[in-house]
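Student: dropping a prediction and its sequence here:
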Amino acid sequence: MLKEERHAYILKQINLHNKVLSSDLSEQLVVSEDTIRRDLNELAESGKILKVHGGALSKSFHYPFQQVDAYAKDAKKEISRKALSLIQNGMTLLASGGTTMIELVRMIPDHLTCTFFTISPLVALELAEKPNLQVILLGGQLSRNAQISIGSKVVSELNDIKVDLCLLGANSVSLEEGITDSDWEVVQVKKAMIKSAQKTAIVSIAEKLNSIQKLKVCNLNSIDYLITDLNAQDSLLTDYAKSVQVI
């Protein structure tokens, strides 16, 4: 594979999953980790990604308040419009982090009166702009990569609350493995979020469907809603609709 092809593949994976690990890319592209490190360094020097220890991050994920175009922004806005149909006045909600979630909370109308718990400082700042929302930021160790609270403290706080609806971003979604991720600490927080909610909605661009990460969050039947940018009748969603309500 040519270097340009490797770079295109790496950028695609970062845009889809917000971060990549050098070790995973080495396996997927069947090249040495030294080659991957050189590729990541070149992409970082050209301003396309953020290089971190052991891998790289998406710039739009890491700097959502700056003028960096988020990947698949129109698709994420469509997901947000659909997700808003689940939110009603007086509800207590729990929100994860990520660029899709930021697009979603930006669309919340000013008249809506709800209580929002969130593990994301960035999402909390967006929610705080809405005049009729009560916003509660759950604290813990801040993950520099995922930009959410992680660790035993936030898991303990999640165990003490019960919400009507959890809005949860996903790194990968598949029929066989359900919801998966690449970060052990993030997986533990997501499991606690699902446990604390009466209902859970996964918000994910369709490109993440039929992909699998190494660590499992839950099976599909643990989720109540799957919200993508596709029409609910799209053939790609037919088998998913057997396990979860597709919106």
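Tutor: Perfect, I can see it now.

Student: what residues are up against the closest residue to residue 55 other than its chain neighbours?
Tutor: Leaving aside its chain neighbours, residue 55 sits nearest to residue 21 (4.3 Å; criterion: C-beta to C-beta, 6 or more residues apart in numbering). C-beta coordinates here come from the backbone N, C-alpha and C atoms, glycine included. Contact analysis of residue 21 by C-beta atoms under 8 Å, 6 or more residues apart in numbering lists 54-55, 182.

Student: which helix runs longest in the protein?
Tutor: Ranked by residue count under DSSP state H, the longest helix found in the chain is helix 3-17.

Student: now whatever helix or strand comes next after it: mean pLDDT?
Tutor: Downstream of helix 3-17, the next assigned helix or strand under DSSP states H and E is strand 19-21. Mean pLDDT, computed over strand 19-21, is 87.

Student: what strands line up against strand 19-21, and which way round?
Tutor: Strand pairing for strand 19-21, determined by DSSP bridges: strand 55-58 (antiparallel).

Student: show the average pLDDT along the partner strand.
Tutor: 88.

Student: before we move on, the earlier item: what comes into contact with the longest helix of the chain?
Tutor: 1, 20, 25, 28-29, 31, 35-36, 39-40, 42-43, 48-49, 56-58, 71-72, 171-172, 182, 205, 207-208, 211, 213.

Student: if any of those are buried, put those into a PyMOL selection.
Tutor: Buried members of the contacts of helix 3-17, defined by 16 or more other C-beta atoms under 10 Å, are picked up in PyMOL with:
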select buried, resi 20+25+29+31+35+36+39+40+42+43+48+49+56+57+58+71+72+171+172+182+205+207+208+211+213
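
Student: need the distance between the two termini of stretch 222-230.
Tutor: Start-to-end span of stretch 222-230 (C-alpha to C-alpha, to the nearest Å) is 21 Å.

Student: any idea how far it is from the chain center?
Tutor: 13 Å (C-alpha atoms, centre = their mean, to the nearest Å).

Student: tell me the buried residues in it?
Tutor: In stretch 222-230, counting by 16+ other C-beta under 10 Å, buried: 222-230.

Student: who's in contact with it?
Tutor: By C-beta under 8 Å, 6+ apart, the list of residues contacting stretch 222-230 reads 72, 74-76, 78-79, 82-83, 86, 173, 178-179, 194, 199-206, 209, 220, 236-237, 240, 244-247.

Student: which of these count as buried?
Tutor: Judged by 16+ other C-beta under 10 Å, buried ones among these: 72, 75-76, 78-79, 82-83, 86, 173, 178-179, 194, 200-206, 209, 220, 237, 240, 244, 246-247.

Student: helix/strand/coil for residue 180?
Tutor: Following DSSP: H, G, I helix; E, B strand; the rest coil, we place residue 180 in the strand state.

Student: that one - how many residues pack around it?
Tutor: 20 (other C-beta atoms under 10 Å).

Student: and this structure, what are its domains?
Tutor: 3-62, 73-246 (automatic domain parsing).

Student: on that earlier part again, and the furthest pair within the buried residues of stretch 222-230?
Tutor: 222 and 229 (22.4 Å; C-beta to C-beta).

Student: any idea what the residue most central in space within the chain is bridged to?
Tutor: The centroid of the chain falls nearest to residue 169 when counting by C-alpha atoms, centre = their mean (3.3 Å). Beta-bridge pairing for residue 169 (DSSP bridges): residue 203.

Student: and it, how far from residue 1?
Tutor: 30 Å (C-beta to C-beta, to the nearest Å).

Student: where does residue 75 sit: helix, strand or coil?
Tutor: helix.

Student: so which strand or helix has the residue nearest to it when sequence neighbours are not counted?
Tutor: Nearest-residue entry for residue 75: residue 229, 3.7 Å, with adjacent residues in sequence omitted and distances by C-beta to C-beta, 6+ apart. For residue 229, there is no enclosing helix or strand under DSSP H and E.
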